[in-house]
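>>> A predicted structure for the sequence below; I have some questions about it.
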Amino acid sequence: MPEFPNPAGTPTKPERQMWGLSAFWWAVLTFWIVVALAAGLETALLQTVSVREALREIASRLAPWLFMTGLIIRISSKYTLDRGNWRRSLWVYLAAFVVSLLVIAVFTYFGPLPPLLVTAQPGSAAKLLPGNSRSLVFLILARLTYQVPTFWGLVAVAHVVHS
């Protein structure tokens with residue numbers, strides 16, 4: 001079928017296909033599931049907690065990235081880091097970075113606590129160990145620190161995929 005000229009603003013067929021439920025998005029989903037399984041098993045083995053608890057905690061930590069990966073890829077396709085517009089694009093990336101850190105902080109605060117910070121009382125809700133209120137703040141800051149390479153790595157991968 002011949003390609004017709006693209007009217008201004010109308011996405012081409014490959015662009016429309018990229019944002020549908022394509023093999024690319026299945027690959028993104030598979031990637032995050034594999035990362036969650038590996039991190040959950042590592043947590044279960046190193047902290048001697050049940051695999052179920054570990055997977056629940058890891059899933060809550062990685063869930064925001066399922067959604068933010070789509071946002072980052074969308075931004076990367078629209079705001080490239082070419083020679084002519086990298087300054088404008090950089091501001092967009094920094095804004096998206098701050099938003100992603102806020103999302104991670106909220107998920108960390110409201111998500112399940114890591115097993116080492118909680119009391120394990122049968123039949124009761126998990127509570128922060130006494131004297132560990134600073135540990136929760138440290139946990140949030142540590143998770144934010146680990147998100148820096150994740151965010152910028154996704155930006156790099158998005159640019160490679162878009163190219």
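In hand now; what should we look at?

>>> so how far is V157 from the nearest residue to L90 once chain neighbours are set aside?
Excluding its sequence neighbours, the residue lying closest to L90 (Cβ to Cβ, 6 or more residues apart in numbering) is L81, at 7.4 Å. Where you see a C-beta, it was placed from the backbone N, CA and C, and this is true even at glycine. Counting by Cβ to Cβ, to the nearest Å, the gap from L81 to V157 is 13 Å.

>>> now do W65
Noted for W65: a distance of 12 Å to V157, by Cβ to Cβ.

>>> who's more crowded, these two?
Legend: neighbour count by other Cβ atoms under 10 Å for W65 and V157, higher for W65 (23 against 16).

>>> how many neighbours does I104 have?
Neighbourhood size, I104 [other Cβ under 10 Å]: 22.

>>> and it, what element?
Using DSSP states H and E, I104 maps to helix 86-110.

>>> P64 too?
Under the assignment here (DSSP H and E), P64 is part of helix 51-78.

>>> and the angle from that helix to helix 86-110?
160 degrees (axes from the mean of the first three to the mean of the last three Cα atoms, to 10 degrees).

>>> list the buried residues for helix 51-78?
Of the residues in helix 51-78, 53-55, 57-62, 64-65, 68-69, 72-73, 75-76 count as buried by neighbour count, 16 or more other Cβ atoms under 10 Å.

>>> helices or strands up against that helix?
helix 13-19, helix 23-47, helix 86-110, helix 133-162 (3 or more Cβ pairs under 8 Å, 6 or more residues apart in numbering; DSSP states H and E).

>>> redo these as a markdown table? Include mean pLDDT.
Formatted as a markdown table, these follow (pLDDT from 0 to 100):
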| stretch | mean pLDDT |
| --- | --- |
| helix 13-19 | 52 |
| helix 23-47 | 83 |
| helix 86-110 | 85 |
| helix 133-162 | 79 |
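
>>> what's the spacing between the residue most central in space within the chain and S163?
Nearest to the mean C-alpha position of the chain, counting by Cα atoms, centre = their mean, stands W65 at 1.8 Å. Here the criterion is Cβ to Cβ. By it, W65 lies 22 Å from S163.

>>> same check on E42?
33 Å.

>>> tell me which of these two has more neighbours.
Using other Cβ under 10 Å as the criterion, E42 and S163 rank with E42 on top: 12 against 6.

>>> how far out from the middle of the chain is stretch 57-70?
Counting by Cα atoms, centre = their mean, to the nearest Å, stretch 57-70 is centred 4 Å from the centre of its parent chain.

>>> show the average pLDDT along that stretch.
The average pLDDT within stretch 57-70 is 81.
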